[in-house]
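Trainee: could you work out the structure for the sequence below:
(one chain, ligands or ions: 1)
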Amino acid sequence: MSILITFEGIEGSGKTTQISRLKNHLIARGHAVVVTREPGGCQIADRIRSILLDPANDAMTSRAELLLYAAARAQHVSEVIRPALQTGQIVLCDRFTDATLAYQGYGRKLDSALIKHLNELATDSITPDLTLLFDLPVERGLGRALQREKITQDSSEGRFEREALDFHRAVRNGYLDLAAAEPDRFRRIDADRPIDTIQAELQVLIDRVYETLQP
Ligand code: TMP
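Mentor: The predicted structure follows:
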């Protein structure tokens, strides 16, 4: 049975680590799983990702940024997400439409109704079955993200990490608002806990959701 599960949260919320563990868990249970991410997930969208996240592009306007996220998403949905769902797979997607509402809407203050329209256009109306919001204080998340950048010595994707604390606080609050508005789709995960504790909670949650979504 096909399900689209999206993972959202501020920088350094630990979702990427959890996704790869969850993939192993689901495969061990016999499911066909596709792991993907936004922006990116296919060749054209990955090229747009490089433009979006390059710190050298600090002159990019908020509107240009919004349209590039939408363009990357349209390609990714068409090439990866829709075909995977059509062949009955579980899709785990690291960020999706809610990221645009949180970052470009709450963060950049672009109109949320306009963003919703663009999301619909880009996804051709595909919506997540479940969205896991990895929530933690912005100081903790950013600390982790900058630490990771230092260890990997890779700052090629750091354009958002360089935003002011207020921007990240607005993004976090945005995510919390979105989750409150759609309690059936969203689950808030306390991301300020050990990796194993979070993973154990996720596995129980996903197994339960899969059971309830069975036709
Ligand atoms: P990542 O670091 O989780 O791969 O995400 C890349 C960055 O892109 C992250 O700072 C959030 C940002 N982003 C948006 O601003 N809008 C979007 O629609 C998406 C998908 C990501």
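
Trainee: L22 contacts I206, doesn't it?
Mentor: Yes: judged on CB atoms under 8 Å, L22 makes contact with I206 at a distance of 6.5 Å. Any C-beta I mention is one placed from the backbone N, CA and C, and that applies to glycine too.

Trainee: find the centremost residue of the protein, please.
Mentor: Nearest residue to the geometric centre of the chain (CA atoms, centre = their mean): R95, 1.2 Å.

Trainee: what are the phi and psi angles of that residue?
Mentor: Dihedral pair for R95: phi 80, psi 140, per degrees, to the nearest 10.

Trainee: could you report the pLDDT at the residue nearest to it when sequence neighbours are not counted?
Mentor: The spatially closest residue to R95, leaving aside those adjacent along the chain, is E38, at 4.6 Å (CB to CB, 6 or more residues apart in numbering). Per-residue pLDDT puts E38 at 98.

Trainee: got the contact list for E38?
Mentor: Applying CB atoms under 8 Å, 6 or more residues apart in numbering to E38 gives the contacts A45, Y69, A72, R73, H76, C93, D94, R95, F96, A99.

Trainee: the fifth one: which element?
Mentor: Counting by DSSP states H and E, the secondary-structure element that holds H76 is helix 62-76.

Trainee: pLDDT (mean, whole number) over the next helix-or-strand element following that helix?
Mentor: Note on helix 62-76: by DSSP H and E, the next helix or strand toward the C-terminus is helix 82-86. The pLDDT scores in helix 82-86 average 98.

Trainee: quick check: buried residues in helix 82-86?
Mentor: Residues of helix 82-86 classed as buried by neighbour count (16 or more other CB atoms under 10 Å): R82, A84, L85.
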